[in-house]
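Student: Build the 3D model from these lines:
(chains A and B)
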Amino acid sequence: METTSNLLSSVLMARFAAQGFLRFDSVVPDDLNAVAMDAMRDGVPDVPYGVPLSKAFPPDSFAHRLVTLPVVAGALRSLVGPEPTVDHIAVHVREPHEGSAQPLHGDAIIDTRRDAFDVQLMYYPHEVTADMGGTLLVPGSHLRLTNESDTGRYQNLRGQIRLTCPAGTVLFLHHGIWHGGRRNDSAQRRYMFKTRFNPTTPQVRLWDTADLDDPAVRAELTTTFPWYEFATGRLEVYNRIKLWRTLTGDDTFDIDYWATRVSNRPGRTA
Amino acid sequence: MKQQVLVLYLSSSALDDRVVGWARYDGTGRSNPTTGDSDGDEPPYETGVDALRDGWRLFQASQLIPPYPGHEYDTSFMKHEFLFEKLE
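Tutor: Numbers count the residues shown, from 1 in each chain, chains lettered A, B, ... in the order given. Sure thing, here's the model as predicted:
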């Protein structure tokens, strides 16, 4: 498997740390999209929990070809390291004129990890238009500790992304991000392939760190979103500081002195 | 008599602060709002007070609860939830 090229930059990693997802449009070639569509219509074989990625998918399968595309392999390597385990797979189908949407949710149960994360890959083998009810994503929601569909009451948040995308688009999501399948108002079935990856190595400086000191890194990490309450939005930045310290192994990293200030206890020992 | 419910999430605990999230539930059966399908990306009102001025009746606002010790930096649900109704 190609894993040493197409690594993410520090700027993109910082974007992931701040927003909880990365988006790559049209990175899957049309011939593979066609193969994937056929496979998803026919049924994709299940993968047992915890299988190493290199053993998860048959070599001739669309899933194997997908995860070995250099852009996909490089992103996975950057986010979860070499040879992650495959958690599970799912083919999500939204039926034509489906009357309701999925409630806003995070996948699995509440996940309290602050120094590790799983990544979910979402792959759209065909174009998704607005009336097909693409995935709803809430940028910057991934560090909130909520349990599965307990967020279902939130129908709309300012700055939410109602995904439309060309065929062959791939998203990488932090496990905690709030999302949901929107109502499909079109006459077409909508398909999406999803799989989850668990790291098997510390998630520290796994990407191309050549641009680690680029001011754009800090700019990404200070991004706020229109749905953030003012005060809680500050806590989101604080939690990103902690995440970035973990990802870089730099426990002095800070933004506007926030973490340094609240840990300052002169003369005291732990 | 049937109830329409509007839920607004505000940027702070002040009712005249900015709306950052919203949901509607229609007990009349005339509409079926669902997740992510609001017209456009703008909320129905700019502030909570704007909803009052349009005839919505406030019946519940979130309490202000101090953070539990050890969880001062945790973020979770939207904190400033206001529930409104219209009856018809």
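
Student: near chain A, which residues of chain B?
Tutor: Within chain B, the positions near chain A by CB under 8 Å from any CB of the partner chain are B:7, B:9-12, B:19-24, B:32-38, B:41, B:43, B:73-80. C-betas here are computed from N, CA, C, even on glycine.

Student: Which ones among those residues map onto strands?
Tutor: B:V7, B:Y9, B:L10, B:V19, B:V20, B:G21, B:W22, B:A23, B:R24 (DSSP state E).

Student: Now do the same contact list for the first one.
Tutor: Spelled out, that is B:V7. A:R153, B:W22, B:A23, B:R24, B:Y25, B:E81, B:F82, B:L83, B:F84 (CB atoms under 8 Å, 6 or more residues apart in numbering or on different chains).

Student: Recalculate using a threshold of 6 Å.
Tutor: B:A23, B:L83 (CB atoms under 6 Å, 6 or more residues apart in numbering or on different chains).

Student: are any of the ones in strands among the residues of chain B next to chain A buried, and which?
Tutor: B:V7, B:Y9, B:L10, B:V19, B:V20, B:G21, B:W22, B:A23, B:R24 (16 or more other CB atoms under 10 Å in any protein chain shown).

Student: could I get those as CSV with distance to A:E236?
Tutor: Listed next are these as CSV, based on distance: CB to CB, whole Å:
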residue, distance to A:E236
B:V7, 22
B:Y9, 15
B:L10, 17
B:V19, 19
B:V20, 13
B:G21, 15
B:W22, 20
B:A23, 21
B:R24, 26
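
Student: In JSON lines: these, plus pLDDT and distance to A:M37.
Tutor: What follows is these, written out as JSON lines (pLDDT from 0 to 100; distance: CB to CB, whole Å):
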{"residue": "B:V7", "pLDDT": "98", "distance to A:M37": "39"}
{"residue": "B:Y9", "pLDDT": "98", "distance to A:M37": "39"}
{"residue": "B:L10", "pLDDT": "98", "distance to A:M37": "44"}
{"residue": "B:V19", "pLDDT": "98", "distance to A:M37": "40"}
{"residue": "B:V20", "pLDDT": "98", "distance to A:M37": "38"}
{"residue": "B:G21", "pLDDT": "98", "distance to A:M37": "35"}
{"residue": "B:W22", "pLDDT": "97", "distance to A:M37": "36"}
{"residue": "B:A23", "pLDDT": "97", "distance to A:M37": "34"}
{"residue": "B:R24", "pLDDT": "96", "distance to A:M37": "36"}
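
Student: Of those, just say which sits nearest to A:F225.
Tutor: For those, the closest approach to A:F225 (CB to CB) belongs to B:V20, at 9.0 Å.

Student: give the contact list for the closest one.
Tutor: Neighbouring residues of B:V20 by CB under 6 Å, 6+ apart: A:R158, A:W227, B:Y9, B:S11.

Student: Okay, it and A:W227: tell me how far apart.
Tutor: To A:W227, B:V20 is 5 Å away according to CB to CB, to the nearest Å.

Student: so what sits against both of the two?
Tutor: A:R158.

Student: and the stretch 101-250 of chain A, which residues reach chain B?
Tutor: Residues of the stretch 101-250 of chain A found near chain B (CB under 6 Å from any CB of the partner chain) are A:101, A:103-104, A:136, A:144-146, A:153-158, A:162, A:180, A:182-183, A:227, A:229-230, A:232, A:235-236, A:238.

Student: Give the PyMOL command for selecting the buried subset of those residues.
Tutor: Buried members of these can be picked out in PyMOL with the line below, counting by 16+ other CB under 10 Å:
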select buried, chain A and resi 101+103+104+136+144+145+146+153+154+155+156+157+158+162+180+182+183+227+229+232+235+236+238
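
Student: Let's see which of the residues of the stretch 101-250 of chain A next to chain B end up in helices.
Tutor: A:F230, A:T232, A:L235, A:E236, A:Y238 (DSSP state H).

Student: mind listing what the fourth one touches?
Tutor: Neighbour list for A:E236: B:T75 [criterion: CB under 6 Å, 6+ apart].

Student: 7 Å - rerun?
Tutor: By CB atoms under 7 Å, 6 or more residues apart in numbering or on different chains, the contact list for A:E236 reads A:G140, A:L143, A:Y228, B:T75.

Student: B:S76 too?
Tutor: Here B:S76 is in contact with A:R144, A:L145, A:T146 (CB under 7 Å, 6+ apart).

Student: any chance of those in TSV, with distance to A:D118 and pLDDT too?
Tutor: Below are these laid out as TSV (distance: CB to CB, whole Å; pLDDT from 0 to 100):
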residue	distance to A:D118	pLDDT
A:R144	16	97
A:L145	15	97
A:T146	16	97
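
Student: In TSV: those residues, plus distance to A:Q203.
Tutor: Converted to TSV, the contacts of B:S76 look like this (distance: CB to CB, whole Å):
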residue	distance to A:Q203
A:R144	20
A:L145	19
A:T146	22
